Every structure is written in C-alpha cells, then in structure tokens.
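Engineer: here is my input; please provide its structure:
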Amino acid sequence: MIRPLIILPDPVLRQLSKPLERVDDSVRKLADDMLETMYDAPGIGLAAIQIGEPVRMLVIDLAKEDEPKAPQVFINPQVVATGDEASVYEEGCLSIPDYYAEVERPATLTVSYVDRDGKEQTVEADGLLATCLQHEIDHLDGVLFIDHISKLKRDMVMRKFKKLAKDKVPGRLVG
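Structural biologist: Here you go, the predicted structure:
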C-alpha cells in the first residue's frame, strides 16, 4: 500500500525513531508498504519516519531503471565504523521535494542491522550505498540532509517549505 509522505516542515521528521523489538508479519508489511511508497515517489531510499512510523527501519533500492529491482530492508541499523575518506554527493529527499544540495559524508562505512527475516547482518558500504545508508539512518535520528549544509541555505529551504505548507489548500493530499 502506498502511504502518504511526510513533507518538511512537519515536526514528525525531527522525531527520534524507536528500535523494533522483533521482526514479524506487521514489520514485513510495513517494509513492503515503504518499498511501494518509495518506488511510487520515485526514490532510492526511505525511512519509516517519512511515512509517519517512528521505528528504526529503512529501505533502499539502488537498481538502475533498466535493471531488476533489488530492494534492501534494514531494521535497527547502526553505524559501527566509518572510513577516514570523505565523499560528496548531490542529495535529495522525498520529504524535501525538488531540492538538492551537495553533502559531504564518510565515503565508506560498516552498518549492522537485522534483515526482514530477523537475521543479524553486517554490510560494508561505499559509494552511493554508503551515502544512502547515512542519509536514511540520519532520518531515524531526526536529522535531515539539509542539516549538513550551510545555515544560510538551510534557512532558505525552511522558509520556502514553511510558506508552501501555509499556502497549501486545506484537505489537499501531499505526497
């Protein structure tokens, strides 16, 4: 089921997400809903908080348009190590539509997590996967990619989205 996306400046995006106690059918259903919502948007990553679920789960699919889908589900992800090198990617966010900015993050990292079958996993990530994992894990901690850019640019983005929210026609779905 496609779920509505939470859009800036909604304060829900600043909530701290809670760990999931167990992986069961309801968690797998949430993962499926998140993937469907992400594909529909379209995006390459989505954190549960972006659809109003304050739990530590995210989904990613970095397959190109001409490749078969390759969905990944990360439950209770934790960064256990980061590399010394930095990389810069132009990031965007489904909760901050049509805004992109270059963000510097560690180029490599190791993440431990639980998969959709409840098994403990570890992934060593670099490139786009490393950036995407860091971006989505930030969401679980109430951090947005605009928090990694200059205050001046961040303030401009916040003003724009506050105005859009104020001008929005009542009852209109955002997504």
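
Engineer: let me see the ranges of the helices in this protein.
Structural biologist: Along the chain, the stretches classed as helices by DSSP state H are 25-40, 127-140, 151-167.

Engineer: who wins for proximity to residue 51 among those?
Structural biologist: Closest approach to residue 51 among these is made by helix 25-40 (5.9 Å; Cβ to Cβ). C-beta: built from backbone N, CA, C; applies to glycine.

Engineer: could you pull out the buried residues of the closest one?
Structural biologist: 27, 30, 31, 33, 34, 35, 37, 38, 39 (16 or more other Cβ atoms under 10 Å).

Engineer: what is it packed up against?
Structural biologist: strand 45-47, strand 57-60, strand 72-82 (3 or more Cβ pairs under 8 Å, 6 or more residues apart in numbering; DSSP states H and E).

Engineer: take these and write them to CSV, including mean neighbour count and mean pLDDT.
Structural biologist: Output for the helices and strands packed on helix 25-40, formatted as CSV (neighbours: other Cβ atoms under 10 Å; pLDDT from 0 to 100):
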stretch, mean neighbour count, mean pLDDT
strand 45-47, 28, 98
strand 57-60, 26, 98
strand 72-82, 18, 98
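
Engineer: let's have the ones you listed in CSV, adding distance to residue 102.
Structural biologist: CSV is the format used below for the helices and strands packed on helix 25-40 (distance: least, Cβ to Cβ, whole Å):
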stretch, distance to residue 102
strand 45-47, 17
strand 57-60, 20
strand 72-82, 19
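
Engineer: before we move on, back to that, and the helices of the chain, which one averages the lowest pLDDT?
Structural biologist: Mean pLDDT values for the helices of the chain show the minimum at helix 151-167, a mean of 93.

Engineer: can you pull the contacts of the most centrally placed residue in the chain?
Structural biologist: Taking Cα atoms, centre = their mean, the centroid of the chain lies closest to residue 136, which sits 3.2 Å from it. Contact analysis of residue 136 by Cβ atoms under 8 Å, 6 or more residues apart in numbering lists 45, 46, 47, 58, 60, 74, 77.
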